[in-house]
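**Student:** Sequence and predicted structure are below.
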Amino acid sequence: MIVILLILSVSCKNRPTESKDNFDWMLGSWIRTNEQENRLTFENWEKHSDSEYTGFGFTLENNDTIWQENIKLIKKDGEWSFDVTGQGESNSTNFKLIRIEEQCFVCENQLNEFPKIIEYSKNGDLLKATISGNNMKVDFDFEEYRP
């Protein structure tokens, strides 16, 4: 677990720290480029205020929605929280942001079964989300979606 945290902290640490509380780099529609055949995964992000962003992710398989989640990135009492509500769930799973850098953040919830850590980063025109925990890691590589 310590190795995962070190890797994640290094990937964010190498970026400038100018706009820590600005997640505008995530805004827009994204399509996953490393998805399984016959599947399409999308993620859409909107800004509601300087302290609230919302995301919606979903996966289609043969034009049927097989997975979806609502995400809220919100600042409460001076702390950022990444809240995920999956399909059919009434309560969100909350992750505390433990590192925020320009175009990168890492959040964690060690009490969650999986994932325990979520990282988002942007490199050029590409958005990357990585979920990890319990010796597992899944990368979600996205590019801007232009239908």
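**Tutor:** All right, it came through fine.
**Student:** drop to CA atoms for contacts and neighbour counts, all remaining ones
**Tutor:** Noted.
**Student:** D83 contacts E69, correct?
**Tutor:** No. Applying Cα atoms under 8 Å as the test, D83 and E69 come out as separate, 10.2 Å apart.
**Student:** Quick check: neighbours shared by those two?
**Tutor:** Here D83 and E69 have no joint contacts, going by Cα atoms under 8 Å, 6 or more residues apart in numbering.
**Student:** which residues does N70 contact?
**Tutor:** N70 touches 54-57, 84-86, counting by Cα under 8 Å, 6+ apart.
**Student:** Describe which strands the strand or helix carrying it pairs with in its sheet and in which direction.
**Tutor:** Take DSSP states H and E as the rule and N70 turns out to sit in strand 64-76. Counting by DSSP bridges, the strands paired with strand 64-76 are strand 52-61 (antiparallel), strand 79-86 (antiparallel).
**Student:** For that strand, buried residues please.
**Tutor:** Neighbour counts over strand 64-76 (16 or more other Cα atoms under 10 Å) mark 68-75 as buried.
**Student:** Tell me how far that strand lies from the chain's centre.
**Tutor:** Its chain's C-alpha centre and that of strand 64-76 lie 9 Å apart, by Cα atoms, centre = their mean, to the nearest Å.
**Student:** got it, and stretch 88-105?
**Tutor:** Mean C-alpha position of stretch 88-105 versus that of the full chain (Cα atoms, centre = their mean) differs by 7 Å.
**Student:** Could you work out the end-to-end span of it for me?
**Tutor:** Length of stretch 88-105, first residue to last, Cα to Cα, to the nearest Å: 27 Å.
**Student:** ok, now stretch 22-41?
**Tutor:** Start-to-end, stretch 22-41 (Cα to Cα) is 25 Å.
**Student:** Please identify the buried residues of that stretch?
**Tutor:** Here stretch 22-41 shows 23, 26-27, 29-32, 39-41 as buried, counting by 16+ other Cα under 10 Å.
**Student:** same question, stretch 114-126
**Tutor:** Within stretch 114-126, the residues scored as buried using 16+ other Cα under 10 Å are 115-122.
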